[in-house]
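> sequence? don't have it. structure:
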């Protein structure tokens, strides 16, 4: 095992796949000479040159479409959005051109493109730059949607995403970029798309989370262990396809479920998982499913208001106590 | 990617008359354009009979554009367009049966009945669709050109769009990157004068659409899109420059659609006289027919025989498209995602 930050793990994944396959290239704003707005592509220009690490103008609809078109032409583009907030400019290409083309061509035209970049709130950047798009993309058939937490999963899942023949939305988190994790030293560390992981085993309550919220859930689990509640934290890792079996297997054991996401509650990932469990495991539940989410409002700037908007370990712990009827 | 250098290059060829075309090519063009027209006439009939559903945009009147451009292309080149795409499939060599069966929503259709009139694809023949959102095919087409340059091939991308799409913002984003990276993209504006019901002069502040690339250093020219020889000549010159690495080029084909925007459009925004004047004086097929006759390359009987052959092909396609089975219910969930 080696210690890697999420940032380094993402870079290594891209570098390894670019070494292995000349059709893989990276494009986006500031990915080349600036070395990435968040330094995720550090060193790639030096190794692969201007033909494969390509700075784009600030023109999301245009370069997203060019990325999709290049994928239609047989290449395997990695398109970086400086943040997913800017992907709204490109939404038509993401949905209509990338996600639907395989189906509406009767299987003739695959679109093997990866769109990646930071998603969700960072710190103090207010409403237009602080938004989780997980449920937006997961809503759409045709996409693979991935939202890893640890560096190892970031690396293994990004490698899988680049090799996948489908369009992939790869949701990173700015606040996790600098966080270190142990990662297998093996260069072929792969993590399959569509498989959740048990981040912490427990028998009393299942907490299903993704991306940065896995860390918050693990914090909450630590606190709750001191109160005699053993929490099982499921790191969803992929949101589409969602690993329903992993969630159901855990709920079968714990009979209680809390979902956690940073995004808005309405029609969110938590709502989807609650429906899934009602559908397929209604009789296993000893308490209604509890959803923890970001507050249902545009992100405010003031530090105290921002903190009140985002779910933290305390809110997760409260929800767990609630489904255990301990509050 | 290398960035653009300033350069001057003329866009359009000098106007040519159909008579100036090689007899064999003109003969072929007459036959191909007739196929495109008879196919669309038959599609119109089937639509009227309720056998084709949804939106159906006919190419009648514009046949010279796609025909003349296609003749300038070779294997490995890419073509992409919007939703008015039946003709682009046929001219790429897709059998009429497969196109018509897609319009009727059958399993034997080009997209297995999943796409319909607006979503036709034949990537093995270099045709990449068939895209329904106005203007979206333009960045996609630049992406196809990007792939050619990335592979250091001399193949090019032909990116068609209409006078309506020419106003979409992403078209200019695509122009910028195509020029910045000197991508081998031939932008072809099929200016049929009306974006649905809005005439060019009511939607474009400057109606010389071929000048729209000027801000990016993309040379452009206007071509008589009702004259297949003029289209072919302009396209041949353009393609030669693109293969030589001269960077993107814009051709505005001045054309006209005789029918409404789609089957549900009675086209009340223009006069009957305007349409019949175009049909009588500028029709591409009639010009080709007359040129063949005048030069003695064919006689009336030979041309009538071609018309009979074409009608037989189209009737066969229509019969096939009605008899072919609908997609099997199990196909509903096929091809949502590709298996790794």
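The structure has been received and is ready for your questions. Remember, it's a predicted structure, so these values are computed and weren't measured experimentally.

> Can you tell me the centre-most residue of the chain?
Picking chain A for this. For chain A, the residue nearest the mean C-alpha position is residue A:147 (1.3 Å; C-alpha atoms, centre = their mean).

> The intended chain is chain B.
For chain B, the residue nearest the mean C-alpha position is residue B:66 (4.1 Å; C-alpha atoms, centre = their mean).

> mind checking the SS state of it?
Classification of residue B:66 using DSSP: H, G, I helix; E, B strand; the rest coil returns helix.

> Verify the contact between residue B:116 and residue B:54 for me.
Yes: counting by C-beta atoms under 8 Å, residue B:116 touches residue B:54, with 5.8 Å between them. (Each C-beta comes from the backbone N, C-alpha and C, glycine too.)

> ok, the two, which is more surrounded?
A side-by-side neighbour count of residue B:116 and residue B:54, using other C-beta atoms under 10 Å in any protein chain shown, places residue B:116 first with 22 against 13.

> Report the separation between the more buried one and residue B:101.
The gap separating residue B:116 from residue B:101 is 11 Å, by C-beta to C-beta, to the nearest Å.

> Got phi/psi on residue B:161?
For residue B:161, the backbone dihedrals (degrees, to the nearest 10) come out as phi -160, psi 170.

> what's it in contact with, if anything?
B:81-82, B:134-135, B:137-138, B:171, B:187-190 (C-beta atoms under 8 Å, 6 or more residues apart in numbering or on different chains).

> contact partners of stretch A:88-101?
A:60-61, A:63-65, A:68-69, A:71-72, A:81, A:87, A:109, A:111, A:113, A:115, A:137, A:140-143, A:167, A:169, B:129, B:131-133, B:136, B:139-140.

> Please repeat the previous calculation with a cut-off of 6 Å.
A:60-61, A:64-65, A:68, A:109, A:111, A:140, A:142-143, A:167, B:133, B:136 (C-beta atoms under 6 Å, 6 or more residues apart in numbering or on different chains).

> just stretch B:184-200 next, same as before
B:62, B:65, B:142, B:145, B:148, B:156-160, B:162-164, B:166, B:178, B:203, B:207, B:209, B:238, B:242, B:248-257, B:261, B:269.

> what's the first-to-last distance across it?
28 Å (C-alpha to C-alpha, to the nearest Å).

> next one: stretch A:264-271
End-to-end for stretch A:264-271, by C-alpha to C-alpha: 10 Å.

> hmm, back to that, tell me the one among the contacts of residue B:161 nearest to chain A.
residue B:138 (7.4 Å; C-beta to the nearest C-beta).

> ok so the closest one is a helix residue?
Yes: counting by three-state DSSP, residue B:138 is found in a helix.

> Now do the residue in the stretch 101-250 of chain A positioned nearest to chain B: how many residues are near it, please.
Closest contact between the stretch 101-250 of chain A and chain B, by C-beta to the nearest C-beta, is at residue A:106 (3.2 Å). Close neighbours of residue A:106, defined as other C-beta under 10 Å, add up to 23.

> Pretty sure it sits against residue B:114.
Yes: Residue A:106 lies in contact with residue B:114 (C-beta atoms under 6 Å); the separation is 4.9 Å.

> List the buried residues for the host helix or strand of residue A:276?
Using DSSP states H and E, residue A:276 maps to helix A:269-281. Using 16 or more other C-beta atoms under 10 Å in any protein chain shown as the test for burial, helix A:269-281 gives A:269-274, A:276-277, A:281.

> Between the residues you listed, which sits nearest chain B?
Among the buried residues of helix A:269-281, residue A:272 lies closest to chain B (C-beta to the nearest C-beta), at 17.3 Å.

> how much space between that closest one and residue A:265?
Applying C-beta to C-beta to residue A:272 and residue A:265 gives a distance of 11 Å.

> ok, now residue A:106?
38 Å.

> Report pLDDT for the residue of chain A found nearest chain B.
Nearest to chain B, among the residues of chain A, is residue A:69, at 2.0 Å (C-beta to the nearest C-beta). In this model, residue A:69 is scored at 98, pLDDT.

> wait, what's in contact with it?
Contacts of residue A:69 by C-beta under 6 Å, 6+ apart are B:140, B:143-144.

> Please report phi then psi for the residue of the stretch 101-250 of chain A closest to chain B.
Residue A:106 adopts backbone torsions of phi 60, psi 30, taken as degrees, to the nearest 10.

> quick one, what contacts it?
Residue A:106 touches B:111-112, B:114, counting by C-beta under 6 Å, 6+ apart.
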